[in-house]
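> Here is the input, now give the coordinates:
(one chain, ligands or ions: 2)
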Amino acid sequence: MMAPVSRGVLVIVSSPSGAGKTTLTRRLLAEFPNQLEFSVSYTTRPMRPGEVDGRDYWFVTPDVFEGMVERHEFAEYAWVHQNRYGTARAPIDTALGAGRDVIFDVDWQGGKALSAQWPRDSLKIFILPPDVDALERRLRQRATDAPDVIERRVRKAKEELEHYPEYEHLIVNDDLERAYALIRATYLTRRYGGVDRPDVPYPLADLAQLVASNAAAADHAKKLVDR
Ligand code: ADP
Ligand code: 5GP
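Ligands and ions are numbered 1, 2, ... in the order given. As a prediction, this is how the structure comes out:
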């Protein structure tokens with residue numbers, strides 16, 4: 001039997017657009033479906049091909065969004081890339097109260113607001129691209145946005161990057177397998193503590209390796225921002 005955990009963890013994952021946070025968070029959710037759920041945000045942006053309403057986002061009109069703001073239904077909301085995005089409060093309270101963890105794909109504004117409201121329960125992770133050119137390449141390859149939208153997102157990437165110091169865990173998404181191993185280890189270490197336990201069916205991280213990779217990622221982030 002796994003030892004009960006009294007409250008769930010808010011796993012807050014941010015990155016510049018195109019750095020790979022959707023890929024990494026989806027994989028974590030697929031591996032731990034019984035303990036981790038995705039916070040489905042509300043947005044006024046148009047749906048991309050392949051996206052599903054209620055799975056990727058709740059796609060709503062500006063009027064519906066504004067109504068939710070007025071009724072104080074959001075734990076946080078922000079303007080990102082000229083659209084509105086918000087995180088509803090009720091599903092978070094329900095999940096955390098039941099000891100389930102919630103994963104958030106939000107920008108730095110959302111990360112700041114959520115961790116301010118749940119300072120003890122938040123785990124903040126920032127995903128870094130190998131370089132800024134890679135971001136643009138990946139967004140073009142993803143081919144889900146119009147060229148002018150991609151250009152705007154690349155410009156915004158640098159602004160998002162500047163907020164990396166607000167995150168305690170930094171992961172460079174160069175090799176996907178390596179980046180996934182790091183986000184997985186970071187999550188499990190927080191969830192279960194840093195020591196392998198007989199009641200937890202996952203091998204935990206090599207803490208020294210996590211600390212070293214975090215320090216290297218911080219150097220990398222500084223170079224990206226300074227360039
Ligand atoms: P974000 O959610 O941060 O905007 P995505 O997860 O949608 O980014 O990734 C952007 C694109 O880059 C996707 O097409 C994805 O498949 C690809 N991608 C993600 N990680 C890697 C990686 N390590 N190497 C190469 N391509 C990647
Ligand atoms: P996209 O349009 O590419 O899905 O997301 C654009 C940006 O909005 C990403 O940085 C994403 O993390 C952020 N985002 C998505 N949902 C929310 C939310 O509910 N709140 C905030 N503040 N940002 C969000």
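> Quick check, pLDDT for E70.
The predicted local distance difference test score for E70 is 98.
> make that D206, sorry
74.
> State the distance from it to D101.
For D206, the distance to D101 (CB to CB, to the nearest Å) stands at 22 Å. Where C-beta positions appear, they are placed from N, C-alpha and C, glycine not excepted.
> Which one's more surrounded, those two?
D101 (22 against 13; other CB atoms under 10 Å).
> Who are the contact partners of R45?
With contact set as CB atoms under 8 Å, 6 or more residues apart in numbering, R45 has these partners: 57, 59, 81, 83, 85.
> What's the separation between the fourth one and ligand 2?
When you say that, I think you mean N83. Taken as CB to the nearest ligand atom, to the nearest Å, the spacing of N83 relative to ligand 2 amounts to 7 Å.
> so that residue makes contact with Y42?
No - counting by CB atoms under 8 Å, no contact exists between N83 and Y42, whose distance comes to 10.6 Å.
> the more surrounded of the two?
Neighbours per residue (other CB under 10 Å) separate N83 from Y42, with Y42 holding more: 20 against 13.
> What's the per-residue pLDDT of the more buried one here?
pLDDT, the model's per-residue confidence, is 98 for Y42.
> that older thread, need the max-distance pair from the contacts of R45.
Looking at the contacts of R45 by CB to CB, the two members farthest from one another are F59 and H81, with 14.8 Å of separation.
> what residues are up against E159?
E159 makes contact with no residue, according to CB under 8 Å, 6+ apart.
> Check whether the strand or helix carrying it comes near ligand 1.
When secondary structure is defined by DSSP states H and E, E159 falls within helix 147-161. No - judged by CB under 6 Å from any ligand atom, helix 147-161 makes no contact with ligand 1; its nearest approach is 8.2 Å.
> mind listing what's buried in that helix?
Residues of helix 147-161 classed as buried by neighbour count (16 or more other CB atoms under 10 Å): 149-150, 153-154, 156-157, 160-161.
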